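1. Dropping a prediction and its sequence here:
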Amino acid sequence: MTIASLAPLDLAALLCSRVCHDVISPVGAIVNGLEVLEGEQDEEMRAVAMELIKKSALSASARLQFCRLAFGAAGSFGASIDTADAEKAARDIFATERTSLQWTAARQLASRNSVKLLLNLCLIANGSIPRGGVITVDLSNGERRMAMRVEARGLNARLSHSAADILANPIPSEAIDGHSIQLYFTTLLARECQAKLDVTTAQDAVTLTASPAPAAADAP
């Protein structure tokens with residue numbers, strides 16, 4: 001299957017930009033809190049600054065842990081990853097959001113790319129409910145044939161036209177940039193996992209599925 005492609009350096013640069021975008025806000029808040037502590041004598045204001053630093057540090061740590069699993073090379077090459085680690089990363093990153101996570105999937109071992117795909121689907125689902133809501137994650141089958149279903153339910157839940165275009169089409173109609181790199185990366189992960197992406201929408205709900213493509217031995 002023909003698929004849109006980026007030069008390796010462009011792909012790496014855009015993914016790095018995405019990770020930096022995710023962590024720059026809490027890191028900036030930590031810097032602001034430290035500046036307040038440095039010049040503030042009022043104990044009440046210092047307490048507020050310390051609380052800001054604490055919350056921002058926890059947020060930055062959660063985002064880095066999530067990005068390590070979703071984009072990086074967590075674990076040794078070829079090793080399976082416990083989906084409980086993915087669940088914890090997702091719960092930690094959504095802890096400060098207006099979104100709650102319902103992880104109904106049983107714990108299992110999965111390939112590195114399967115875990116990446118699952119967490120990237122969670123990110124897309126979260127982006128479809130900017131006003132907050134509930135994300136439900138369900139998995140089925142085994143390590144090499146895992147099917148994923150991630151549902152986002154919330155007021156006016158929707159995917160943008162460009163997001164749906166990238167997920168549905170091997171060659172999107174628009175160029176891949178810093179705003180769309182995570183969506184494009186998700187399609188690459190699905191291809192590596194030999195899974196078919198599907199997006200369905202209903203009133204106040206978006207459902208993302210990754211279903212295993214038939215194995216060669218299953219073909220007629």
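-> Noted; the coordinates are in hand. Numbering: from 1, shown residues only.
2. Show me the shaky parts of the chain.
-> Along the chain, the model assigns pLDDT under 70 to residues 1-4, 75-78, 96, 142-144, 170, 214-220.
3. Distance from the helix ranked longest in the chain to the middle of the chain?
-> In the chain, taking DSSP state H as the definition, the longest helix is helix 8-39. Mean-position distance between helix 8-39 and its chain equals 17 Å (CA atoms, centre = their mean, to the nearest Å).
4. which helices and strands does it pack with?
-> Here helix 8-39 touches helix 43-70, helix 181-192, going by 3 or more CB pairs under 8 Å, 6 or more residues apart in numbering; DSSP states H and E. C-betas here are computed from N, CA, C, even on glycine.
5. part of a helix, is Val150?
-> No. Val150 is assigned strand when assessed by DSSP: H, G, I helix; E, B strand; the rest coil, not a helix.
6. okay if I get the helices and strands packed on helix 8-39 as CSV plus mean neighbour count and distance to Val150?
-> Formatted as CSV, the helices and strands packed on helix 8-39 follow (neighbours: other CB atoms under 10 Å; distance: least, CB to CB, whole Å):
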stretch, mean neighbour count, distance to Val150
helix 43-70, 17, 13
helix 181-192, 21, 11
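7. Any chance of TSV for the ones you listed, columns distance to Glu97?
-> Listed next are these as TSV, based on distance: least, CB to CB, whole Å:
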stretch	distance to Glu97
helix 43-70	10
helix 181-192	16
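8. Asp10 is nearest to which of these?
-> helix 181-192 (9.2 Å; CB to CB).
9. other SSEs contacting that closest one?
-> Against helix 181-192 (3+ CB pairs under 8 Å, 6+ apart) you get helix 8-39, helix 112-127, helix 161-168, strand 195-202.
10. Show me which positions of the third one end up buried.
-> In this case it means helix 161-168. Ala163, Ala164, Asp165, Ile166, Leu167 (16 or more other CB atoms under 10 Å).
11. Many thanks, have a good one.
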